[in-house]
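Asker: Kindly generate the corresponding structure for this input.
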Amino acid sequence: MARMHKDFPLVFHDPDYAGLIDPDALRLAYAFGSAGKQRRLQGRLVAEPRIDLEDYQFRAVFDWIEIGMGTGKELAAVNFQRSLMARNKIHKGFRSCYVWGPHGETSYRGQYFRVRMQEPQPEGLVALLRAFLKELGRRGEDLRDMPLVGLEMSVDAYPVARSGMTDGDLALARMRMTELMRKHLQFHALFRDGRRQPRFKFERKSLTENVFRPEWAWMTSRRDLRASGLSKEDFAASFARFYQQPFIDSTFYYGDRKEQLHFRSMDKITDRRKGMVAEDLDVKDRRSRLEFTVMDKVAGDGTGPEAIGFGTMEDLLMRGLAGTGRLLSFALPTFSEAAKGEPDAEEWAVFCKSGVAGLAHKLDVEDRLKADPDVRHAMARRVMDTSGKCLKYSRLNRRVGRAIERLEKRWQAAL
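Answerer: Numbering: from 1, shown residues only. Take a look at the predicted model:
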């Protein structure tokens with residue numbers, strides 16, 4: 001029997017963003033099949049995107065890393081930054097760097113600094129840090145023991161230029177991947193505490209929109225809300241009407257960029273933005289990008305990189321990046337079967353707008369609403385957790401995992 005297929009359109013804030021690409025082609029298609037025989041998935045359908053991952057190259061890079069650096073004497077942050085930039089002219093360890101105090105102070109004088117290095121290059125950075133330790137570092141401090149207090153890692157997907165492909169073909173392939181990465185990123189339970197909501201930002205107008213926008217006046221009149229024991233935010237998550245689909249030409253965030261842990265996704269066609277001005281990338285350098293950021297709240301408090309397994313330069317250089325796997329993974333959605341091979345319309349609508357994360361939230365809410373009232377009352381005091389009704393997107397996880405392994409080996413070779 002032929003598999004059921006469905007698709008949904010890509011959406012844009014700027015109607016000219018996609019250029020001359022046929023609007024009918026600007027869609028992401030899915031094929032449906034049985035989700036399997038596991039008890040939690042019985043009677044459910046799994047949807048897998050109709051996209052060939054072999055048509056993309058995946059690369060991982062560090063956009064920046066933050067290191068805790070101590071000196072043998074008291075210095076002003078501005079003077080410490082100048083000394084690092086002077087050494088960088090010799091060693092070429094980073095593109096630029098920023099220096100703060102341990103709490104992020106911009107005007108700081110002391111012996112311990114928080115240093116963010118943009119576009120770090122492992123070979124040059126290791127040489128620079130060794131020179132620093134010899135000339136300015138604290139007595140007995142070793143490179144491998146230097147604390148890693150923050151980092152931003154990106155995974156980029158570049159369309160492979162096949163024979164006969166036009167710039168428009170490459171752009172279409174890239175935009176489909178941008179949508180796919182947003183839709184299938186599976187978020188850790190740290191994001192389910194009610195404070196963080198997915199949102200997207202129109203860079204051209206500096207306007208931020210929430211993907212999830214409930215209408216509170218309508219919600220407060222619902223009798224079933226008052227009886228549910230759920231928060232208004234959680235209750236509203238079960239209705240597709242309260243979601244909107246992010247635009248391809250927008251930056252998508254999950255988590256506040258000022259928080260210790262957040263994600264950012266974009267269809268990257270420009271670089272080195274300063275306010276409203278940015279450099280256009282060559283066609284071959286344009287890609288789908290997913291950025292993952294984790295930081296200590298206070299330098300050295302262990303709540304950032306150390307919490308996921310790599311809190312020192314030795315962890316970064318030698319022990320690998322396995323800790324990112326808990327936070328950077330992709331999943332396939334599953335749906336209730338409304339008719340033969342047909343997914344539930346409301347669940348499909350929520351997924352089309354908010355992806356795996358929004359669908360998981362909806363299914364969590366519905367599970368609580370179906371529970372016994374006494375059980376529901378007790379559960380209401382808990383944070384909403386992941387639903388467990390999705391499947392690993394194994395093929396995409398493997399491709400991303402290999403890209404991270406290549407990044408890891410490059411840093412390990414620096415020693």
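Asker: Identify the residues contacting Lys297.
Answerer: Gln260, Thr303, Gly304 (C-beta atoms under 8 Å, 6 or more residues apart in numbering). Backbone N, C-alpha and C define where each C-beta goes, glycine included.
Asker: As a check, name the ranges of all helices in the stretch 201-350 of the chain.
Answerer: 216-220, 223-228, 232-236, 313-314, 345-370 (DSSP state H, counting those that start in this stretch).
Asker: Deepest-packed of those helices, please.
Answerer: Ranked by mean neighbour count, the helices of the stretch 201-350 of the chain are led by helix 345-370 with a mean of 22 (mean count of other C-beta atoms under 10 Å).
Asker: now that one, how far from the chain's geometric center?
Answerer: Here helix 345-370 is found 20 Å from its chain centre; the criterion is C-alpha atoms, centre = their mean, to the nearest Å.
Asker: What is it packed up against?
Answerer: helix 167-184, strand 185-186, strand 198-202, helix 223-228, helix 232-236, strand 329-332, strand 334-339, helix 373-379 (3 or more C-beta pairs under 8 Å, 6 or more residues apart in numbering; DSSP states H and E).
Asker: quick one: which of these is nearest Ile67?
Answerer: strand 329-332 (26.8 Å; C-beta to C-beta).
Asker: so Arg114 is in which element?
Answerer: Here Arg114 sits within strand 109-118, counting by DSSP states H and E.
Asker: What lies in contact with the helix or strand following that strand?
Answerer: Following strand 109-118 in sequence order, the next helix or strand is helix 122-135 (DSSP H and E). Residues outside helix 122-135 that contact it (C-beta under 8 Å, 6+ apart) are 67, 69, 84, 87-88, 90-94, 117, 141-143, 146, 313, 317, 410-411, 413-415.
Asker: Nearest to Leu75 among the helices and strands packed on helix 345-370 would be which one?
Answerer: It is, among the helices and strands packed on helix 345-370 and with distance given as C-beta to C-beta, strand 198-202, at 36.8 Å.
Asker: Mind listing the strands that closest one pairs with, and their directions?
Answerer: Using DSSP bridges, strand 198-202 pairs in its sheet with strand 207-210 (antiparallel), strand 251-254 (antiparallel).
Asker: quick one: the first one to chain centroid distance?
Answerer: I take that to be strand 207-210. With C-alpha atoms, centre = their mean, you get 17 Å for strand 207-210.
Asker: about what we covered before: list buried residues within the contacts of helix 122-135.
Answerer: 67, 69, 84, 87-88, 91, 93-94, 117, 143, 146, 313, 317, 411 (16 or more other C-beta atoms under 10 Å).
Asker: Just those residues: which are in strands?
Answerer: Ile67, Met69, Met117 (DSSP state E).
Asker: Could you find the closest non-adjacent residue to the residue most central in space within the chain?
Answerer: Nearest to the geometric centre of the chain sits Phe263, at 3.1 Å (C-alpha atoms, centre = their mean). Excluding its sequence neighbours, the residue lying closest to Phe263 (C-beta to C-beta, 6 or more residues apart in numbering) is Tyr254, at 4.4 Å.
Asker: Model confidence score at that neighbour, please.
Answerer: Tyr254 is assigned a predicted lDDT (pLDDT) of 85.
Asker: Glu119 now?
Answerer: At Glu119, pLDDT is 95.
Asker: Surely it and Trp64 touch.
Answerer: Yes: using C-beta atoms under 8 Å, Glu119 is in contact with Trp64, at 7.2 Å.
Asker: Of the two, give the one with the bigger neighbour count.
Answerer: Trp64 (19 against 13; other C-beta atoms under 10 Å).
Asker: Phi and psi next, for the more buried one.
Answerer: The phi/psi pair for Trp64 (degrees, to the nearest 10) reads phi -160, psi 160.
Asker: residues contacting it?
Answerer: By C-beta under 8 Å, 6+ apart, the neighbours of Trp64 are Arg116, Met117, Gln118, Glu119, Pro120, Gly150, Leu151, Glu152.
Asker: how about CSV for the residues you listed, with distance to Ala47 added?
Answerer: As requested, the contacts of Trp64 are exported to CSV (distance: C-beta to C-beta, whole Å):
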residue, distance to Ala47
Arg116, 40
Met117, 41
Gln118, 39
Glu119, 37
Pro120, 38
Gly150, 36
Leu151, 33
Glu152, 31
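Asker: Any of those residues buried? List them.
Answerer: Judged by 16+ other C-beta under 10 Å, buried ones among the contacts of Trp64: Arg116, Met117, Pro120, Gly150, Leu151, Glu152.
Asker: From Cys97, how far out is Phe252?
Answerer: For Phe252, the distance to Cys97 (C-beta to C-beta, to the nearest Å) stands at 28 Å.
Asker: returning to what we had before: what is the nearest of the ones in strands among the buried ones among the contacts of helix 122-135 to Ala278?
Answerer: Met117 (21.4 Å).
Asker: Correct me if wrong: the closest one contacts Met69.
Answerer: No: proximity of Met117 to Met69 does not meet the contact threshold set by C-beta under 8 Å, at 10.3 Å.
Asker: and of the helices and strands packed on helix 345-370, who's closest to Leu396?
Answerer: That would be strand 329-332 among the helices and strands packed on helix 345-370, by C-beta to C-beta, at 4.6 Å.
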